[in-house]
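Participant: Could you work out the structure for the sequence below:
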Amino acid sequence: MVTTDTEKEPFELHEDRAIDTRQKDYPRILMETPDFSIYDPEIEFVDPSGVEVTGLRKYKAAFGLIALAAVCYGVW
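Facilitator: As a prediction, the model looks like this:
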């Protein structure tokens with residue numbers, strides 16, 4: 001059975017949008033600013049080393065630093 005968008009629950013619609021957005025962003029994720037609108041304002045990111053980032057503003061800043069490092073070290 002095929003489910004149409006009008007039959008989906010709000011979570012499923014958001015999940016579909018998040019997947020579509022990430023698929024669009026990933027090929028150029030460090031070269032162009034990704035669409036951060038899919039993330040919760042209270043996003044939490046924990047690196048395996050124990051570094052923690054909480055909140056969308058800090059997540060964007062951390063992401064920007066990673067992108068800058070990629071450019072500085074000639075990843076592209």
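
Participant: roughly how far apart are the residue most central in space within the chain and residue 72?
Facilitator: Nearest to the mean C-alpha position of the chain, by Cα atoms, centre = their mean, lies residue 36 at 5.7 Å. Summarising the geometry, the distance separating residue 36 from residue 72, computed by Cβ to Cβ, to the nearest Å, is 22 Å. C-beta coordinates here come from the backbone N, C-alpha and C atoms, glycine included.

Participant: do the same with residue 47
Facilitator: Distance, residue 47 to residue 72, using Cβ to Cβ: 20 Å.

Participant: again with residue 65
Facilitator: The gap separating residue 65 from residue 72 is 10 Å, by Cβ to Cβ.

Participant: Just give me the residues shared between the contact sets of the two.
Facilitator: Shared contacts of residue 65 and residue 72, defined by Cβ atoms under 8 Å, 6 or more residues apart in numbering, are not found at any residue.

Participant: So residue 62 sits against residue 45, correct?
Facilitator: Yes. With contact taken as Cβ atoms under 8 Å, residue 62 and residue 45 are classed as touching, separated by 7.0 Å.

Participant: Can you check which residues contact both of the two?
Facilitator: Taking Cβ under 8 Å, 6+ apart as the contact rule, residue 62 and residue 45 both touch residue 53.

Participant: Can you list the residue ranges for strands in the chain?
Facilitator: Assigned by DSSP state E, the strands in the chain fall at 44-46, 52-54.

Participant: got those as TSV, with distance to residue 31 and mean pLDDT columns?
Facilitator: Putting the strands of the chain into TSV (distance: least, Cβ to Cβ, whole Å; pLDDT from 0 to 100) gives the following:
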stretch	distance to residue 31	mean pLDDT
strand 44-46	20	93
strand 52-54	21	94
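
Participant: As PDB, could you dump the C-alpha coordinates of stretch 69-76?
Facilitator: Below are the C-alpha coordinates for stretch 69-76, written out as PDB (Å, rounded to 0.1, in the frame of the first residue of the first chain):
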ATOM      1  CA  ALA A  69      39.500  23.800   8.500                       C
ATOM      2  CA  ALA A  70      38.600  21.800   5.400                       C
ATOM      3  CA  VAL A  71      39.400  24.800   3.200                       C
ATOM      4  CA  CYS A  72      42.600  25.700   5.100                       C
ATOM      5  CA  TYR A  73      43.900  22.200   4.900                       C
ATOM      6  CA  GLY A  74      43.100  22.000   1.200                       C
ATOM      7  CA  VAL A  75      40.400  19.300   1.300                       C
ATOM      8  CA  TRP A  76      39.100  20.900  -1.900                       C
END
